[in-house]
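In: model the following, please.
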Amino acid sequence: MAFFEDALGGWTGGLVLGVGTALLGPSILPAAGAIVRPLAKAVIKGGYLVADGVRTLAAEVSEQTEDLIAEARADRQPVSRASERRPAPSPIVQP
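Out: Below is the predicted model:
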């Protein structure tokens with residue numbers, strides 16, 4: 001914008017740019033839309049793929065964290081007397 005103001009002086013540059021855009025806009029927009037739409041669609045699709053990957057990773061990390069917490073709680077609980085007893089040795093059978 002500053003280039004046009006310097007080249008044409010003051011408000012004239014903005015006026016020329018505005019009129020040019022108004023005249024050329026309708027003919028440029030369909031061509032630009034044909035290029036920009038697939039590009040925007042690809043960017044959005046990529047964003048969804050990244051979001052899905054992050055969501056899956058977060059679910060896996062959450063599940064592993066819950067497992068670790070459950071293991072830590074199980075290790076922290078006192079051992080009962082029944083589990084301290086050793087099972088009787090099985091009789092050895094000789095052929």
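
In: from here on, contacts and neighbour counts on C-alpha atoms
Out: Noted.

In: and the lengthiest helix in the chain, what does it pack against?
Out: The longest helix of the chain (DSSP state H) is helix 11-76. For helix 11-76, the elements it packs on are helix 2-8, judged by 3 or more C-alpha pairs under 8 Å, 6 or more residues apart in numbering; DSSP states H and E.

In: let's test this: mean pLDDT of the helix it packs on, rounded?
Out: Mean pLDDT, computed over helix 2-8, is 57.

In: where does this protein dip in pLDDT?
Out: 1-14, 29, 79-91, 93-95 (pLDDT under 70).

In: ok, 80 please
Out: Judged by pLDDT under 80, the chain has its weakly predicted residues at 1-18, 20-36, 77-95.

In: counting neighbours, what do you get for residue 54?
Out: By other C-alpha atoms under 10 Å, the residues close to residue 54 number 12.

In: scratch that, residue 17
Out: Quick note: residue 17 (other C-alpha under 10 Å) scores 14 neighbours.

In: relative to residue 52, how far out is it?
Out: Using C-alpha to C-alpha, to the nearest Å, one gets 43 Å for the distance from residue 17 to residue 52.
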